[in-house]
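**Student:** Just the structure for this:
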Amino acid sequence: MVVGMSGGVDSSVAAWLLKEQGYEVIGVTMQIWQDQAEEIQQENGGCCGLSAVEDARRVAQQLEIPYYVMNFKQEFKEHVIRYFMEEYLAGRTPNPCIACNRYVKWEALLKRSLDIGADYIATGHYARIEQLANGRFALRTSATAAKDQTYALYSLTQEQLAHTLMPVGAYTKEEIRQLAQGLGLSTAQKPDSQEICFVPDKDYAGFIDREAGRKVPEGDFVNAKGEVLGRHRGITHYTIGQRKGLGLSMGRRMVVTRICPESNQVVIGEPEDVFSKTLEADHLNFMAVENFTKKRSAMAKIRYNHGGAPCEVEKIGADRVRVVFAEPQRAVTPGQAVVFYDGEYVLGGGSIR
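**Tutor:** I've put the predicted structure just below:
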């Protein structure tokens, strides 16, 4: 059993829970930071930095389990950083955590773990995995809605789910911290990481400029009629529904309604203009069901902190669905995921186009 240890309290307790259940546990931290200066790596307190390695190694020593650091720099650069840049440059808003989960934390780590003889990998995610009556594996929402992480895991395959355990999904965050405190784990009170781990200063546009080796050009803010309202700093600075940081003096609150990379324009409109009842999505992954063969009702989340909304989902192509919501939803954003739920279970999801 390989436990992905990020240096946080959740994966620390996951390792302990599985050891208590009788598994032979090996702790692994994935080295995914790029060729940064050591002081930058040290400052990065997320799941990528050197501090994560130090914290995870300390916990592994406390739990008396073997611990290793595995290098996934190339996989992370290809599937997460490159994707992050390409999506922003195409006028979409990516979700790098979903890409990291699918291609690095699972595809790459699981393959390497199976290669060394492990039967499972485990993580500290707040979700549960169950095999349903139809034989398929599916994610079930965690015991605590406030910490549920199924949205960011919708793209996991049946093979990956069959070889994964998520022991903390049956607990609340407070219970996990209490367990860690009682065990005397050094990560018991470590705060959760909130930012995108490879952009700790949250300057996504600056990161893309540096990685691309060129500055994304400025362009025009326009309204729906194409009339120029002012100049924007580059399309990578903006996302659908954004209100702050526009630098426009319009005398009233305005929002970003569309990003047009082909014309290098950012369209500005009224707050009500970013509400929509429909969306289309592709890059589909099905979980609790094998496919959407006919129109069906579901609850859909269109971003991580979205509460979910009732909708009808219909397959309109080999890899495309149309979603019609019962009520208009704010800021349906291309590049983000839409994830479908049937009660507590994830039906599947895709990427909003």
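**Student:** Walking through the stretch 201-350 of the chain, point out its helices one by one.
**Tutor:** Assigned by DSSP state H, counting those that start in this stretch, the stretch 201-350 of the chain shows helices spanning 204-212.
**Student:** so Ala60 is in which element?
**Tutor:** For Ala60, the host element (DSSP states H and E) is helix 50-63.
**Student:** which of the residues in that helix are buried?
**Tutor:** Going by neighbour count (16 or more other C-beta atoms under 10 Å), the buried part of helix 50-63 is Leu50, Ser51, Ala52, Val53, Asp55, Ala56, Arg57, Arg58, Val59, Ala60, Gln62, Leu63. In this view, the C-beta of every residue, glycine as well, is placed from N, C-alpha and C.
**Student:** how much space between the third one and Glu218?
**Tutor:** Think Ala52. 37 Å (C-beta to C-beta, to the nearest Å).
**Student:** Over to Tyr171?
**Tutor:** 49 Å.
**Student:** Between these two, which is the more surrounded one?
**Tutor:** Tyr171 (21 against 12; other C-beta atoms under 10 Å).
**Student:** wait, the more buried one sits on Ala127?
**Tutor:** No - counting by C-beta atoms under 8 Å, Tyr171 does not reach Ala127; the two are 11.6 Å apart.
**Student:** if I pick Val9, what's in contact with it?
**Tutor:** Neighbouring residues of Val9 by C-beta atoms under 8 Å, 6 or more residues apart in numbering: Gly124, Ile176, Arg177, Ala180, Leu185, Thr187, Ala188, Gln189, Lys190.
**Student:** Once you drop chain neighbours, what's closest to Ala60?
**Tutor:** Tyr67 (3.5 Å; C-beta to C-beta, 6 or more residues apart in numbering).
**Student:** Next, the contact list for that neighbour, please.
**Tutor:** Met5, Ile26, Gly27, Val28, Thr29, Ala56, Arg57, Ala60, Gln61.
**Student:** which ones are touching the last one?
**Tutor:** Same thing as Gln61. Tyr67.
**Student:** likewise the fourth one?
**Tutor:** Under the criterion of C-beta under 8 Å, 6+ apart, the contact partners of Val28 comprise Val2, Val3, Gly4, Met5, Tyr67, Tyr68, Val69, Met70, Leu109, Ser113.
**Student:** what number of residues lie near Lys147?
**Tutor:** Neighbourhood size, Lys147 [other C-beta under 10 Å]: 19.
**Student:** Hmm, Glu174 and it touching each other?
**Tutor:** No - Lys147 is beyond contact range of Glu174, at 9.6 Å (criterion: C-beta under 8 Å).
**Student:** Ala90 and Val2: what is the separation?
**Tutor:** Distance, Ala90 to Val2, by C-beta to C-beta: 35 Å.
**Student:** scratch that, Thr333 is what I was asking about
**Tutor:** Per C-beta to C-beta, Thr333 is found 34 Å from Val2.
**Student:** Read off the pLDDT value for the closest residue in space to Arg92 that isn't next to it in sequence.
**Tutor:** Spatial nearest neighbour of Arg92, excluding adjacent residues (C-beta to C-beta, 6+ apart): Gly335 at 3.0 Å. pLDDT, Gly335: 97.
**Student:** roughly how far is stretch 242-259 from the heart of the chain?
**Tutor:** Stretch 242-259 sits 26 Å away from the centroid of its parent chain (C-alpha atoms, centre = their mean, to the nearest Å).
**Student:** And for stretch 244-260?
**Tutor:** Distance, centroid of stretch 244-260 to centroid of chain: 27 Å (C-alpha atoms, centre = their mean).
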